[in-house]
Structures are given as structure tokens and as C-alpha cells.
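Trainee: Coordinates for the following, if possible.
(one chain, ligands or ions: 2)
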Amino acid sequence: MLQPSQRKLLQSQIIARTRRVVIKVGSAVMTTAEGLNQAAIDELTDTMAHLLREGREVVLVSSGAIAAGFKKIGLTAKPRSIPQKQAVAAIGQTTLMQKYEQAFARHGVKVAQILLTRNDLANRRRYLNARNTLFTLLNWKVLPVINENDTVVVEEIQFGDNDNLSALISSVVQAGLLIILTDIDGLYDQDPRLHPEAKLIPLVEKIDLRLERAASRQPGIIGSGGMFSKIQAAKKAASVGIPTIIAHGLKPRIIQRLFDGAEEGTLFLSPAAKLSSRQYWLAYTTNPAGEIVVDDGARQVLRYQGKSLLPAGIIGVNGRFSAGAAVRLLDRGGEVIGIGLSNYSASDIACIKGLQTCNIQQSLGYKGYDEVVHRDNMVIFPESS
Ligand SMILES: Nc1ncnc2c1ncn2[C@@H]1O[C@H](COP(=O)(O)OP(=O)(O)O)[C@@H](O)[C@H]1O
Ligand SMILES: N[C@@H](CCC(=O)OP(=O)(O)O)C(=O)O
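Mentor: Numbers count the residues shown, from 1 in each chain. Ligands and ions are numbered 1, 2, ... in the order given. All right, here's what the predicted structure looks like:
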């Protein structure tokens, strides 16, 4: 097991190979009681411009639209109803971008706004399109500023919080590091609001259940996902080989100091074994439309032998979906073992489940594929610890 004393060296190696960084700034950093936090915006943009001058590329994922919007129209608290939240996000997003545009202009840096919903990235073609746009902007030395498209988003297509969105963006642009800035020093071993004796964890080698339990879902007054969504984001980034630092975004020159080697916040390492970006897309970006339940034998070969899913191993199908849809693969106990793209519709799977491959034709009157989910279109999750 790694000791916290090894952090300095590990961090310096990560920084040395990070040419491209994704920085996520939470509402808790971006806002004060009066509205957007101008001092924080100036400070953060100064240090991001410094990274650009060093030859690095920066992609910014910034919250703050809702907080800016409700304060701008004189509401005293974040609205609760969805239409009101969407309306204030529309009001606040322009202010947010205006502030970034002005702050980066002081350094001669141009910015571009990208607003995304989960659906934009769940479709592989749109995902690749978004990726091309991001790389074009980076080639042009324009700094992308990304936020969830709150104004049109509905629950089913919501990322829900910018932490998870920032992990996905890190995978899309193959960042060397994800930095999540919030209003607290990093991950504590317990929710520090309830346990004043809680201790900061400087280094995390692997996110386990104990850490997930430590991170509360309850955000601060203005935030959305709490520490829990930050841990989920770090876990997702790690699965694709990207380390994450969660740090205090209101500390002076925090970004620059992290790059200079300051041991601030919590560093989450990424294990050597990692998902390809296609597997990441399958695992975290698609919106599964249904479920296929597999028997114990299929569970074993999917999990440990890298095989495709054949009709013979299927014992059930839930939901209505067409061929090509993303589906969850469940074992008979209901545990999600993976996600894959189905070659057959739910109704066809109901007919061919349990059959030998040679009987597909007879059952359906046609035979498209031997496999219901091909290995190349599947990602299997590690067993829960
Ligand atoms: N184990 C924990 N360690 C650190 N912070 C925690 C923990 N559990 C809950 N939190 C809370 O999470 C908050 C940050 O989440 P959130 O309000 O969503 O911020 P942001 O707007 O930056 O996304 C902190 O203010 C802190 O009180
Ligand atoms: N998209 C929203 C922020 C959503 C969100 O994730 O907020 P936070 O948890 O503060 O990063 C906004 O711009 O207000």
C-alpha cells in the first residue's frame, strides 16, 4: 500500500506528463452571497492562463449558471422547481460566459462555450463530433468552457452534476489530469459538517466502499452533487487511466501551486489497468434502455473469459428496446455486471433466450448475429468489493 509520503513523487510524475488538463470549478467556488465571485474568477483564470503559457492545454468545466441567474433576478435562494431552475440557468449562463470572456481576455485567451446534455454524448456519432469540436478548439488555442445544458435538460438525459460531466470530458479529450475545485480542502474520512474531527485524506490509491460511504451526497447550500459525485467522477476518471485531484478552489493560486507540486487536497491515482475510451463511453455515457439477465455460466464467461453473450446464456430481458440499444447485463441476483450494445431487440431476445445459436434462424425467421452482445461492444465492471 502506498504511503501519503509518496504523494510528492507521484504528483510530480503526473504533472510532468500532463499536457492537457480538465479543470472543474463548482458553484461553491464560483459564487458569493452577491452573485458570481469575481475575485475567484480572476484568480482562477490567471492561473489557467499561466498553464497555457507553459504550453499546456486547458479544458474548463464550470458550474455557476444557476447561482448567477437566481441572484441576478433578485431571488434569495436557488429555485426548486425544474422550469425555474432552467430559466435561471438561461439567465445566468450568459453572465458566466461574459465573466470568463472578460477575465481570459486580460491574458489574450479566447474562450468557447459548450453546453452538453447526456444525450449529446450517448450517441456515438454525436460523441465523436463533440470530440472533434473540442480538439479543433484546442488546436486553435481557444479554451473550451463547458457546462451542462441546464435549460433543455430533463431528468433522463441529465448528467446531474458537473463532476460526472468533467470525468467524461477528461476521457473525451484524453486528459493527463482532472482537477475538481470545490469549497473544501479535499476528501475527508467523514462528512466534516457532521464530524468536526474528520481528517483529510491526501492520497487515494483505489476508491473503495469505505471512501464512497465517507463522501456525503448532501451538497453545500449552492452545490449539486456533494462530495459523493466528486468521488464518482474520480472513480470514472481512474477507470480510463486519468488521476484526479480534489482541492480547495478558493485557496490562493491553487491550480498553479498544484502544478508546482504543492500537496494540496486529495490525489486519486489511476490504476494501470484501464478502459479504452470506447469502453468508457459504453460504461458511463450511454443511456441503457433495458436489461438482459444472464445465467451463472454466462456470468462467469463474461466476467472472467472475455467472451461474447450468446442467447443460450440469457434467462430474461427487461424493458423495450431496439437492436443497437445499450443495455445493462445483470446476473440472476440483479447485480449489474456490465453494459453492452444489443444486436437484437428486446422482443427478439425474449424469443431466442436460452436457445442454441443454430436455432436463432428458426425462432425469428432471420439470423443477424450469433452473439446477442458482442465482446467488442461490451464493458464488464469489476466485482463490487
Ligand atoms: N467526506 C467529505 N469530505 C469533504 N467534503 C464533504 C464530505 N462529505 C460531504 N462533503 C461536503 O461536500 C461539499 C462540496 O460539494 P458541493 O456543495 O456539491 O460543491 P461544488 O459546488 O463545488 O460541486 C463540501 O462543502 C463538504 O461540506
Ligand atoms: N450546471 C449547473 C451546475 C450543476 C453542478 O454540478 O453544480 P456543482 O455541484 O456546484 O458543480 C450550473 O451551472 O449552475
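Trainee: Residue 220 in helix, strand or coil?
Mentor: coil (DSSP: H, G, I helix; E, B strand; the rest coil).
Trainee: what does the stretch 201-350 of the chain have sitting close to ligand 2?
Mentor: Within the stretch 201-350 of the chain, the residues that sit near ligand 2 (CB under 6 Å from any ligand atom) are 219, 223, 224, 225. (C-beta placed from N, C-alpha, C; glycine too.)
Trainee: Between these, which sits nearest residue 115?
Mentor: Nearest to residue 115 among these: residue 224, at 15.9 Å, using CB to CB.
Trainee: which SS state does the closest one fall under?
Mentor: Per three-state DSSP, residue 224 ends up coil.
Trainee: Setting the sequence-adjacent residues aside, check what's closest to it.
Mentor: Nearest residue to residue 224 in three dimensions, chain neighbours excluded: residue 161, at 4.5 Å (CB to CB, 6 or more residues apart in numbering).
Trainee: so what's the one you found scoring on pLDDT?
Mentor: pLDDT, residue 161: 88.
Trainee: Can you tell me how far it is from residue 280?
Mentor: According to CB to CB, to the nearest Å, residue 161 and residue 280 sit 18 Å apart.
Trainee: Next: residue 98.
Mentor: 33 Å.
Trainee: Who has more neighbours out of the two?
Mentor: residue 280 (23 against 12; other CB atoms under 10 Å).
Trainee: who's in contact with the more buried one?
Mentor: 168, 171, 236, 239, 240, 379 (CB atoms under 8 Å, 6 or more residues apart in numbering).
Trainee: swap the cut-off to 7 Å and go again
Mentor: 171, 239, 240 (CB atoms under 7 Å, 6 or more residues apart in numbering).
Trainee: part of a helix, is residue 169?
Mentor: Yes. Judged by three-state DSSP, residue 169 forms part of a helix.
Trainee: How about it: what's its closest non-neighbour residue?
Mentor: Here the residue nearest residue 169, using CB to CB, 6+ apart, is residue 22, at 5.4 Å.
Trainee: Report the contact partners of that neighbour.
Mentor: Here residue 22 is in contact with 59, 61, 166, 169, 170, 173, 175, 178 (criterion: CB under 7 Å, 6+ apart).
Trainee: Now with 8 Å, please.
Mentor: 58, 59, 60, 61, 166, 169, 170, 173, 175, 177, 178, 179.
Trainee: From residue 218, how far off is the residue of the stretch 201-350 of the chain found nearest ligand 2?
Mentor: Taking CB to the nearest ligand atom as the measure, the point where the stretch 201-350 of the chain comes nearest ligand 2 is residue 224, at 3.4 Å. Computed as CB to CB, the residue 224 to residue 218 distance reads 11 Å.
Trainee: out of everything not next to it in sequence, what's closest to the residue of the stretch 201-350 of the chain found nearest ligand 1?
Mentor: Residue of the stretch 201-350 of the chain nearest ligand 1, by CB to the nearest ligand atom: residue 223 (2.2 Å). Spatial nearest neighbour of residue 223, chain neighbours left out: residue 28 (4.8 Å); criterion: CB to CB, 6+ apart.
Trainee: residue contacts, the one you found?
Mentor: By CB under 8 Å, 6+ apart, the neighbours of residue 28 are 182, 183, 219, 220, 222, 223, 249.
Trainee: picking up where we left off before, what's the first helix or strand after the host helix or strand of the residue nearest to residue 169?
Mentor: Residue 22 is part of strand 20-25, with elements assigned from DSSP states H and E. Using DSSP H and E, the helix or strand that follows strand 20-25 towards the C-terminus is helix 27-30.
Trainee: could I have that next one exported to CSV, CA atoms only?
Mentor: This file holds the C-alpha atoms of helix 27-30, laid out as CSV (Å, rounded to 0.1, in the frame of the first residue of the first chain):
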residue,chain,number,x,y,z
SER,A,27,-20.8,26.6,-7.8
ALA,A,28,-19.5,26.6,-4.3
VAL,A,29,-16.3,28.3,-5.6
MET,A,30,-18.0,30.4,-8.3
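Trainee: hmm, that helix touching ligand 1?
Mentor: Yes. Helix 27-30 is in contact with ligand 1 by CB under 6 Å from any ligand atom, via 27, 28, 29.
Trainee: cool, stretch 250-262 as well?
Mentor: No. With CB under 6 Å from any ligand atom as the criterion, ligand 1 is not reached by stretch 250-262; the gap is at least 10.1 Å.
Trainee: Stretch 166-177 too?
Mentor: No. Stretch 166-177 lies apart from ligand 1 when judged by CB under 6 Å from any ligand atom; the minimum separation is 10.0 Å.
Trainee: Run through who's touching that stretch.
Mentor: Under CB under 8 Å, 6+ apart, the answer for stretch 166-177 is 14-15, 17-22, 24, 57, 59, 61, 121, 127, 130-131, 134-135, 138, 146, 159, 178, 180, 232-234, 236-237, 240, 242-245, 277, 280-281, 284-285.
Trainee: Enumerate the residues of the stretch 201-350 of the chain near ligand 1.
Mentor: 214, 215, 216, 219, 220, 223, 224, 225, 226, 227.
Trainee: For the residue nearest to residue 169, give me the pLDDT.
Mentor: pLDDT, residue 22: 98.
Trainee: tell me the contacts of residue 106?
Mentor: 45, 49.
Trainee: next one: residue 146
Mentor: Contacts of residue 146 by CB under 8 Å, 6+ apart are 59, 60, 61, 62, 114, 115, 116, 165, 166, 169.
Trainee: among the residues you listed, which are in strands?
Mentor: Within the contacts of residue 146, residues falling in strands by DSSP state E are 59, 60, 61, 62, 114, 115, 116.
Trainee: Give me the buried positions along the strand holding residue 22.
Mentor: 21, 22, 23, 24, 25 (16 or more other CB atoms under 10 Å).
Trainee: again, but for stretch 71-80
Mentor: 71, 78, 79.
Trainee: So is it next to ligand 2?
Mentor: No. Stretch 71-80 is not in contact with ligand 2 by CB under 6 Å from any ligand atom; minimum separation 8.6 Å.
Trainee: Alpha carbons only: can I get that stretch in CSV?
Mentor: Output in CSV follows, covering the C-alpha atoms of stretch 71-80 (Å, rounded to 0.1, in the frame of the first residue of the first chain):
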residue,chain,number,x,y,z
LYS,A,71,-29.1,36.2,-7.8
LYS,A,72,-29.3,38.3,-11.0
ILE,A,73,-33.1,38.4,-10.9
GLY,A,74,-33.3,39.0,-7.2
LEU,A,75,-34.3,35.6,-5.9
THR,A,76,-32.9,34.9,-2.5
ALA,A,77,-32.4,31.1,-2.9
LYS,A,78,-31.8,28.6,-5.6
PRO,A,79,-35.3,27.8,-7.0
ARG,A,80,-36.5,24.2,-6.5
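Trainee: Many thanks, we can stop here.
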